[in-house]
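**Student:** sequence plus predicted model, see below.
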Amino acid sequence: MADWDDLRIFLAVARGESLSAAGRLVRLDPATVGRRIARLEEALGARLFLRSPQGYGLTAAGERLMSHALRTEQAVIGALEELRGAPGSLTGQIRIGAPDGVANYLLPQVVAAICDANPGLEVQIVALPRVFNLSKREADMAIAVSRPAAGRLVAQKLTDYRLHLAAARDYLARHPPIRDLADLAGHRMIGYIPDLIFDSELDYLAAAGVETVALASNSVSVQFNWLRLGAGVAIVHDFALPAAPDLVRILPDALSLSRSFYLIRHADDRRNERLNRFAELLVLAVRRETQRLEALA
């Protein structure tokens, strides 16, 4: 029978996918983590991980244990909160995974305000342009640009947002005028690296008929900084524009995109009152902040 400490180390390996990453999570050396996993597998009579050069992946037995380990983890967290005298309160650590656009231009001020009102709360924002694996608890919740198609996940719309073509005033002063979408062919375009677009909702330039991207990055922040430097033209979130007053929208009547962010959570967390309360505050605050910033764009 596995005890909580065994399950804690098992979860660390499942999340970190390597002994070294797991060791950093639980503050043990990798060799000790490896011995503990071997001991757990022997006690259960089942192989929990497939070892490969790419790391540690869960076996079918490991996947089954994962669901039990996660429930145990939530029970332990709930018990500790109750012992601290604040069951369900906004304390402890919450990790949010998000694309770097929302992570850079919406979440910092929103999360700071929530933490100001809840001094015992610690929030981590993992800003990566990809889909997060909530089943492996890479994050407690994640923001995505489309609803998940598979997995034991629940999604709610976080907010709608708008995007437009934009460029720096300096760039526009140095280059031929842009009177319609066809004129974009004579300008240097900034956008995503085509083969690294992880969701079709992010293929913004296709809507403008742009086929060639001269300056490309998988990071919204890199694209935004190119814009600020006057390096070219890009499609940008309206909520990011107030952060760079020198940027102006181009052809807003000819091209105006609307997209949505979704808050994704694991189905097992629906009864976690602490995460429910945080999610409620996050949704309301992000919606307000998006509307405020878009009004300033």
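**Tutor:** Alright, I've got the coordinates. This is a predicted model, so every value here is computed, not measured.
**Student:** going by C-alpha atoms from here, please, whenever you check contacts or count neighbours.
**Tutor:** Noted.
**Student:** residues contacting residue 246?
**Tutor:** 168, 169, 228 (Cα atoms under 8 Å, 6 or more residues apart in numbering).
**Student:** next one: residue 18 from residue 117, what distance?
**Tutor:** 37 Å (Cα to Cα, to the nearest Å).
**Student:** how about the helices of this protein, start to end?
**Tutor:** 4-16, 19-26, 30-44, 60-83, 100-105, 107-117, 169-174, 220-228, 273-296 (DSSP state H).
**Student:** of the ones you listed, which shows the lowest average pLDDT?
**Tutor:** When the helices of the chain are ranked by mean pLDDT, helix 60-83 comes last with a mean of 75.
**Student:** ok so, going back, which one, of the helices of the chain, ends up nearest to residue 241?
**Tutor:** Shortest distance between residue 241 and the helices of the chain, using Cα to Cα, is found for helix 273-296: 8.0 Å.
**Student:** what residues sit buried inside the closest one?
**Tutor:** 274-276, 278-279, 282-283, 285-287, 289-290, 293-294 (16 or more other Cα atoms under 10 Å).
**Student:** for the protein, what's the longest strand?
**Tutor:** strand 153-168 (DSSP state E).
**Student:** quick one: distance of that strand to the chain centre.
**Tutor:** 13 Å (Cα atoms, centre = their mean, to the nearest Å).
**Student:** what's the mean pLDDT across it?
**Tutor:** 94.
**Student:** tell me what angle that strand forms with helix 220-228.
**Tutor:** Orientation check (axes from the mean of the first three to the mean of the last three Cα atoms, to 10 degrees): strand 153-168 against helix 220-228 gives 10 degrees.
**Student:** elements contacting strand 153-168?
**Tutor:** helix 220-228, strand 234-237, strand 247-250, strand 257-266, helix 273-296 (3 or more Cα pairs under 8 Å, 6 or more residues apart in numbering; DSSP states H and E).
**Student:** what's in contact with it?
**Tutor:** So strand 153-168 is in contact with 147-148, 227-230, 232-239, 246-252, 255-267, 283, 286-287, 290, 294, going by Cα under 8 Å, 6+ apart.
**Student:** same check on stretch 21-32?
**Tutor:** Under Cα under 8 Å, 6+ apart, the answer for stretch 21-32 is 8, 9, 12, 13, 15, 16, 19, 20, 33.
**Student:** what does stretch 262-281 give?
**Tutor:** Counting by Cα under 8 Å, 6+ apart, 71, 74, 88-91, 94, 114, 134-135, 140-148, 152-159 sit against stretch 262-281.
**Student:** and the residue lying farthest from the centre of the chain, how close does it get to residue 183?
**Tutor:** Most distant residue from the mean C-alpha position of the chain: residue 176, 37.7 Å away (Cα atoms, centre = their mean). Distance, residue 176 to residue 183, by Cα to Cα: 9 Å.
**Student:** then residue 21?
**Tutor:** Taking Cα to Cα, one finds residue 21 at 50 Å from residue 183.
**Student:** tell me which of the two has more neighbours.
**Tutor:** Legend: neighbour count by other Cα atoms under 10 Å for residue 21 and residue 183, higher for residue 21 (18 against 11).
**Student:** determine which two of the buried residues of helix 273-296 are furthest apart.
**Tutor:** The most distant members of those, if one measures by Cα to Cα, are 274 and 294, lying 30.2 Å apart.
**Student:** start to end distance for stretch 139-156?
**Tutor:** Using Cα to Cα, first and last residues of stretch 139-156 are 16 Å apart.
**Student:** what comes up buried for it?
**Tutor:** For stretch 139-156, by 16+ other Cα under 10 Å, it's 139, 140, 141, 142, 143, 144, 145, 146, 147, 153, 154, 155.
**Student:** of those, closest to residue 211?
**Tutor:** residue 145 (22.2 Å).
**Student:** check contacts around the nearest residue in space to the closest one that is not next to it in sequence.
**Tutor:** Excluding the flanking residues, the one nearest residue 145 by Cα to Cα, 6 or more residues apart in numbering is residue 261, at 4.8 Å. By Cα under 8 Å, 6+ apart, residue 261 lies in contact with 143, 144, 145, 146, 157, 158, 159, 160, 161.
**Student:** beta partners for the second one?
**Tutor:** Taking DSSP bridges, one finds residue 262 as the beta-bridge partners of residue 144.
**Student:** understood, closing this out.
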